[in-house]
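S.K.: Structure of the sequence below:
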Amino acid sequence: MVDMDRISISLPTKLLEEFDKVIAERGYACRSEAIRDAIRDYIIKHKWISSLEGERVGNISIIYNHHSHELMKKLTDIQHSYTDLIVATLHMHLDREHCMEVILVKGDAKKIKELTDKLASQKGVKYVKLTVMTPGGKIPE
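M.R.: Below you'll find the predicted structure:
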């Protein structure tokens, strides 16, 4: 039998309501199992990203408020410092205030993480997600 610890968390009501919808859609019997799966996924993603060594390919997805003062210029300047990694970019207008950029990258894993962190730290950036894999799709152990 697996040892279990009981924890308590506080969540905004709206976030919990959304989580409960996902739980129902996916057919979980209880919140605990869904939370365990979410934590496992979070740990796996963290290990994947934190063990970045060697070459990786992937994408950086960014959602930002394009009305933020000089944000587009800052994002462009940062990207111009990493032209050795950036293969292509895609820009999409989401609504009157928000844009999404998808940046395809290939190169040194640590530099990709560095680029992602610089983009994420800019005021006005709402969401950043890095998805990486080894060339050929090999999963690191």
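S.K.: just how off-centre is the helix or strand bottoming out on mean pLDDT in the chain within its chain?
M.R.: In the chain, no helix or strand scores lower on mean pLDDT, DSSP states H and E than helix 31-50, which sits at a mean of 80. From the chain centre to the centre of helix 31-50 is a distance of 13 Å (C-alpha atoms, centre = their mean, to the nearest Å).
S.K.: can you list the domains in the protein?
M.R.: Taking automatic domain parsing as the reference, the chain has its domains at 13-50, 55-133.
S.K.: Among these, single out whichever gets nearest to Met1.
M.R.: Proximity to Met1 (C-beta to C-beta) singles out domain 13-50 among the domains of the chain, at 15.1 Å. Glycine gets a C-beta too; all of them are placed from N, C-alpha and C.
S.K.: This protein: strands as residue ranges?
M.R.: Assigned by DSSP state E, the chain shows strands spanning 55-65, 86-93, 98-108, 125-133.
S.K.: Next, format these as JSON lines and append mean pLDDT and distance to Ser8.
M.R.: JSON lines is the format used below for the strands of the chain (pLDDT from 0 to 100; distance: least, C-beta to C-beta, whole Å):
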{"stretch": "strand 55-65", "mean pLDDT": "92", "distance to Ser8": "31"}
{"stretch": "strand 86-93", "mean pLDDT": "97", "distance to Ser8": "40"}
{"stretch": "strand 98-108", "mean pLDDT": "96", "distance to Ser8": "34"}
{"stretch": "strand 125-133", "mean pLDDT": "90", "distance to Ser8": "27"}
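S.K.: With respect to Arg26, which of these lies nearest?
M.R.: Among the strands of the chain, strand 125-133 comes nearest to Arg26, with 20.3 Å by C-beta to C-beta.
S.K.: Just the buried residues of the closest one, please?
M.R.: Of the residues in strand 125-133, those with enough neighbours to count as buried (16 or more other C-beta atoms under 10 Å) are 125, 128, 130, 132.
S.K.: partners of that strand, with directions?
M.R.: strand 55-65 (antiparallel) (DSSP bridges).
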